[in-house]
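Trainee: model the following, please.
(one chain, ligands or ions: 3)
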Amino acid sequence: MESTLKELRPEREPVVDPKCTVAGGVEDAYGEDQATEEQVITPWTVSVASGYSLLRDPRYNKGLAFSEKERDAHYLRGLLPPTCITQELQEKKLMNNIRQYQVPLQRYMAMMELEERNERLFYKLLIDNVEELLPIVYTPTVGEACQKYGSIFRRPQGLFISLKEKGKILEVLKNWPERSIQVIVVTDGERILGLGDLGCQGMGIPVGKLALYTALGGIRPSACLPITIDVGTNNEKLLKDEFYIGLRQKRATGQEYSELLQEFMTAVKQNYGEKVLIQFEDFANHNAFELLAKYGTSHLVFNDDIQGTASVVLAGLVAAQKLVGGTLADQTFLFLGAGEAGTGIAELIALQISKETKGPLEEIRKKIWLVDSKGLIVSSRKESLQHFKKPWAHEHEPVGTLLDAVKAIKPTILIGSSGVGRTFTKEVIEAMASCNEKPIILSLSNPTSQSECTAEEAYGWSQGRAIFASGSPFDPVECNGKTFVPGQANNAYIFPGFGLGLVMSGAIRVHDDMLLAASEALAGQVMEENFEKGLIYPPFSNIRKISAHIAANVAAKAYDLGLATRLPRPQNLVKYAESCMYSPIYRNYR
Ligand SMILES: NC(=O)C1=CN([C@@H]2O[C@H](COP(=O)(O)OP(=O)(O)OC[C@H]3O[C@@H](n4cnc5c(N)ncnc54)[C@H](OP(=O)(O)O)[C@@H]3O)[C@@H](O)[C@H]2O)C=CC1
Ligand SMILES: CC(=O)C(=O)O
Ligand SMILES: [Mg+2]
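Mentor: Numbers count the residues shown, from 1 in each chain. Ligands and ions are numbered 1, 2, ... in the order given. The predicted structure is shown next:
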């Protein structure tokens with residue numbers, strides 16, 4: 001096989017080093033990335049895919065875009081109607097079709113069907129129409145898709161590892177058709193967005209996140225592996241649902257849970273090596289912090305909800321200083337929600353301020369306050385607090401409600417990370433507006449139903465003075481004759497570029513300084529024209545460029561810290577990041 005492949009491989013100067021880990025995790029054996037778009041390649045499966053099987057292979061299928069020559073060479077005559085069309089026309093037709101669906105879930109299903117039918121066309125649509133399609137393949141629609149996953153389930157996506165596979169996880173990994181995996185997104189489904197425990201149906205999240213890794217960060221689809229670990233669910237509704245796709249039992253906990261996770265982490269490293277990035281996604285906080293701490297020293301792990309969210313929010317707040325004046329150290333922060341997102345963001349803000357001011361972390365933390373379901377986190381509660389809340393238990397009398405906390409603390413920045421919708425009431429926003437000329441208000445919780453307030457509420461109740469962004473997108477709002485464009489504070493800005501930076505530098509560990517580097521790069525991409533509209537994030541339409549800058553900054557930090565293994569260090573990391581990115585343009589087949 002190898003000698004045949006060599007003969008078929010075109011002779012040319014590679015744009016990317018053929019052994020580069022980004023361009024394929026290992027050698028680009030099929031010449032997929034090395035050939036230019038004009039050059040012909042061979043569509044390989046195990047053998048050359050041709051005829052009927054070529055049309056049904058989503059990696060190589062081009063539908064009506066197969067040329068006359070390709071139709072002759074690949075036994076496609078008669079299997080397609082006579083017309084040949086371009087990828088652009090296919091894209092136009094599909095966008096027209098998708099726009100006919102009024103129900104977002106139907107659009108989601110149309111996109112998933114496209115991904116299964118024609119992978120390059122799926123990514124072309126997603127990249128070219130990112131602002132329109134992100135709310136479909138990602139939050140908020142992906143939340144509804146997970147809730148209804150059993151009913152809409154057609155073909156399995158990703159890898160399901162359940163308690164039944166205990167002792168056999170390495171074998172299960174070997175069932176996956178790809179060997180050169182660079183990024184895994186894994187969930188156990190216990191905290192899917194702000195929708196709670198969705199068990200095995202959480203699979204929609206790793207699938208969606210990895211689609212963004214490819215579309216937004218340029219990681220090749222074949223190098224991405226979505227995984228759901230099924231240890232049961234405590235969601236009674238799902239357990240009784242005849243269409244539920246997961247194990248019908250209560251969640252395994254304690255030793256049974258940690259043994260399965262240990263086997264999984266060991267098997268991943270054994271099968272894919274130590275440079276595969278494992279992104280933990282939507283685990284409940286009682287497992288998330290522990291998994292990150294436990295595997296952070298032995299594996300390349302990243303928790304998107306704790307670390308990615310922290311990095312994206314920090315970037316927005318750094319950018320916001322241009323609108324409000326001053327520095328982060330001048331601000332007072334109040335969070336509603338003291339879990340993964342809340343405490344993760346709080347810790348990264350404190351780290352950034354301590355780097356800027358050279359002040360001790362303990363002192364800086366005192367300007368950051370958090371409210372959980374029991375009220376303001378204060379020192380008298382310290383004994384009963386989970387470990388990740390303890391650093392935030394400051395001296396203060398007990399305060400029971402968010403409104404009272406806003407009145408007592410007088411924050412300049414209010415951040416919602418509670419997973420509970422409509423908790424930023426009129427009184428809360430008015431209280432923020434009464435003590436700030438430009439209150440910064442972030443409603444991070446997803447999906448839209450869980451957002452702490454809507455854009456309309458944030459602008460309306462603050463007389464248009466709020467600087468507002470939300471986890472799930474809101475349409476522009478008219479207020480007092482002015483149009484306000486809300487930003488989207490979502491970790492989707494960070495993780496694709498962050499992952500690309502790790503992969504392209506061959507990083508072996510994640511370091512907090514890399515999160516700061518990612519924030520800095522994202523904040524640096526907010527342009528004057530964005531600030532003029534009151535935005536603290538750049539538009540998603542520029543996300544590939546943004547991701548290249550984030551990747552370059554993260555990779556630079558990996559090299560500086562001695563955590564990069566891909567040597568020598570490329571001279572121009574932004575250009576290198578761009579050259580590593582997957583392009584969905586069709587290839588020509590010989
Ligand atoms: N925009 C983005 O990029 C991201 C958004 N998120 C969103 O943030 C939300 C929270 O995620 P995460 O931090 O992981 O979840 P966690 O479960 O870890 O934390 C939730 C926190 O909210 C608190 N809480 C729950 N209900 C209330 C209430 N009624 N009043 C006050 N506090 C309350 C909980 O309190 P207690 O500890 O007392 O139970 C807990 O501290 C989710 O909706 C998620 O979708 C998450 C990551 C990224
Ligand atoms: C965006 C995200 O990661 C979450 O809501 O969990
Ligand atoms: Mg998440």
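Trainee: neighbours of whichever residue of the chain sits closest to ligand 1, just the number please.
Mentor: Nearest residue of the chain to ligand 1: G339, at 1.9 Å (Cβ to the nearest ligand atom). Where C-beta positions appear, they are placed from N, C-alpha and C, glycine not excepted. Neighbour count of G339, defined by other Cβ atoms under 10 Å: 25.
Trainee: also K166?
Mentor: Residues near K166, counting by other Cβ under 10 Å: 15.
Trainee: where exactly do the strands run in the stretch 1-150 of the chain?
Mentor: In the stretch 1-150 of the chain, the segments counted as strands under DSSP state E, counting those that start in this stretch are 40-41.
Trainee: pairing partners for the strand ranked longest in the chain, with directions?
Mentor: Assignment by DSSP state E gives strand 224-230 as the longest strand of the chain. Strand 224-230 has its sheet partners listed here by DSSP bridges as strand 159-162 (parallel), strand 183-187 (parallel).
Trainee: who in the protein is up against ligand 1?
Mentor: 191, 193-194, 285, 305, 309, 312, 336-342, 371-374, 417-420, 423, 444-446, 450, 471, 489-491 (Cβ under 6 Å from any ligand atom).
Trainee: in the protein, which residue sits nearest ligand 2?
Mentor: The chain approaches ligand 2 most closely through N446 (3.8 Å), counting by Cβ to the nearest ligand atom.
Trainee: now that residue, what's its secondary structure?
Mentor: With DSSP: H, G, I helix; E, B strand; the rest coil as the basis, N446 sits in coil.
Trainee: give the contact list for it.
Mentor: If you count contacts by Cβ atoms under 8 Å, 6 or more residues apart in numbering, N446 has them with 139-140, 143, 193-194, 471-472, 490.
Trainee: and if you look at W369?
Mentor: By Cβ under 8 Å, 6+ apart, the contact set of W369 is 332-335, 376-377, 392, 394, 396, 405, 409, 411.
Trainee: what's the answer for L76, then?
Mentor: So L76 contacts 50-51, 54-55, 66, 70 (Cβ under 8 Å, 6+ apart).
Trainee: before we move on, what about A310?
Mentor: By Cβ under 8 Å, 6+ apart, the residues touching A310 are 341, 344-345, 347-349, 515.
Trainee: let's see the longest strand of the chain as PDB, backbone CA atoms only.
Mentor: Output of strand 224-230 as PDB, limited to C-alpha atoms (Å, rounded to 0.1, in the frame of the first residue of the first chain):
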ATOM      1  CA  CYS A 224     -11.400  15.400  15.700                       C
ATOM      2  CA  LEU A 225     -13.100  12.900  17.900                       C
ATOM      3  CA  PRO A 226     -16.300  13.600  19.900                       C
ATOM      4  CA  ILE A 227     -16.800  11.300  22.900                       C
ATOM      5  CA  THR A 228     -19.600  10.800  25.400                       C
ATOM      6  CA  ILE A 229     -19.000   8.800  28.500                       C
ATOM      7  CA  ASP A 230     -22.200   7.300  29.700                       C
END
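Trainee: after it, which helix or strand is next?
Mentor: Under the assignment DSSP states H and E, the closest C-terminal helix or strand after strand 224-230 is helix 236-240.
Trainee: ligand 2 contacts on the stretch 251-400 of the chain?
Mentor: With Cβ under 6 Å from any ligand atom as the criterion, the stretch 251-400 of the chain meets ligand 2 at residues 282, 304-305.
Trainee: most surrounded residue in those?
Mentor: Among these, D304 has the most neighbours (other Cβ under 10 Å), with 28 neighbours.
Trainee: which of the residues of the chain next to ligand 1 fall in helices?
Mentor: 285, 309, 312, 340-342 (DSSP state H).
Trainee: among the contacts of L76, name the buried ones.
Mentor: 50, 54-55, 66, 70 (16 or more other Cβ atoms under 10 Å).
Trainee: dump those to JSON lines, plus pLDDT and distance to ligand 3.
Mentor: Converted to JSON lines, the buried ones among the contacts of L76 look like this (pLDDT from 0 to 100; distance: Cβ to the ion, whole Å):
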{"residue": "S50", "pLDDT": "86", "distance to ligand 3": "41"}
{"residue": "L54", "pLDDT": "95", "distance to ligand 3": "37"}
{"residue": "L55", "pLDDT": "97", "distance to ligand 3": "36"}
{"residue": "F66", "pLDDT": "98", "distance to ligand 3": "39"}
{"residue": "E70", "pLDDT": "97", "distance to ligand 3": "41"}
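Trainee: pull out the buried members of the residues of the chain next to ligand 1.
Mentor: Neighbour counting by 16+ other Cβ under 10 Å classes 191, 193-194, 285, 305, 309, 312, 336-342, 371-372, 417-419, 423, 444-446, 450, 471, 489-491 among the residues of the chain next to ligand 1 as buried.
Trainee: let me see the mean pLDDT of stretch 502-514.
Mentor: Here stretch 502-514 scores 98 as its mean pLDDT.
Trainee: list of residues touching that stretch?
Mentor: By Cβ under 8 Å, 6+ apart, the residues outside stretch 502-514 that reach it are 20-22, 182-183, 219, 274-275, 277, 296-297, 300-302, 307, 348, 351, 498, 501, 551, 554-555, 557-559, 561, 563-566, 569, 576-577, 580.
Trainee: just the buried ones from those residues, in ChimeraX syntax?
Mentor: Typed into ChimeraX, the line below selects the buried ones among the contacts of stretch 502-514, using 16+ other Cβ under 10 Å:
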select :20,21,22,182,183,219,275,277,296,300,301,302,307,348,351,498,501,551,554,555,557,558,559,563,564,566,576,577,580
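Trainee: so which of the contacts of stretch 502-514 sit within helices?
Mentor: Those of these lying in helices (DSSP H): 348, 351, 498, 501, 551, 554-555, 557-559, 576-577, 580.
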